[in-house]
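**Q** Based on what follows, work out the 3D shape:
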Amino acid sequence: MIMGKSTWVWRQTAAALLIAATAGLAGSNDLLRVEASIRPKGLSRGEEGRVILRVVTLPGITLSPHPAFTIEFSPCPELLFPKGFYTNSDLAIEVVEEGAERYLNMSKPIEIPFTVNPSAKRGSHILEGRIRYFACSRKEGWCLKNFARFSVPFFTRQLTINK
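**A** This next block holds a predicted model:
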């Protein structure tokens, strides 16, 4: 099928507008942003480290402690975590009470310890996870259960630390 130039341009423009609209909708539904890092960045086998998560909500949005705020990690054979998932009470995140409202104080970064697997492969890796949360807007009178994904790169060295 042969298309005229104006038909081709119209279809390309419509496709670009559809992609832009979809991307705009996805961004407007993000109630929080997760900034993730690992310390130290370069890890030796057997070494202990920490995942650092900073959770930033949109203005006017709070995170409810119930149902539980939960951090889950995807399987990553290079890192060993004491638990498979962590709740706000596991992490001792402060609960603020203002009148009848209770919400999590997310002003401090969350730190989760791990140990590098003694048999970890040398090289670059990515740790992925997600945070399940219950966000509320007191001003607008709504709450929403949702999740946010995060990922963080890290590097493992050949060196092994004996404990």
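**Q** any low-confidence regions in this protein?
**A** Counting by pLDDT under 70, the chain has low-confidence residues at 1-29, 163.
**Q** Could you report the distance from the nearest residue to Pro67 once chain neighbours are set aside to Glu140?
**A** Spatial nearest neighbour of Pro67, excluding adjacent residues (CB to CB, 6 or more residues apart in numbering): Phe134 at 5.5 Å. (C-beta placed from N, C-alpha, C; glycine too.) According to CB to CB, to the nearest Å, Phe134 and Glu140 sit 15 Å apart.
**Q** cool, and Phe85?
**A** For Phe85, the distance to Glu140 - CB to CB - is 30 Å.
**Q** okay, those two: which has more neighbours?
**A** Just comparing Phe85 and Glu140: by other CB atoms under 10 Å the higher neighbour count belongs to Phe85, 14 against 9.
**Q** does the closest residue to the more buried one other than its chain neighbours belong to a helix or a strand, and which?
**A** Nearest non-adjacent residue to Phe85, counting by CB to CB, 6+ apart: Glu72, 4.5 Å away. When elements are assigned from DSSP states H and E, Glu72 belongs to strand 70-73.
**Q** quick one: buried residues of that strand?
**A** Thr70, Ile71, Phe73 (16 or more other CB atoms under 10 Å).
**Q** Please apply the same query to stretch 88-99.
**A** Counting neighbours by 16+ other CB under 10 Å, the buried set in stretch 88-99 is Asn88, Ile93.
**Q** hmm, who's touching it?
**A** With contacts defined as CB atoms under 8 Å, 6 or more residues apart in numbering, stretch 88-99 is touched by 65, 68-71, 83, 102-106, 110, 112.
**Q** For the longest strand belonging to the chain, list every residue counted as buried.
**A** Using DSSP state E to define each element, the chain has its longest strand at strand 142-160. Buried residues in strand 142-160, counted by 16+ other CB under 10 Å: Ala148, Phe150, Val152, Phe154, Thr156.
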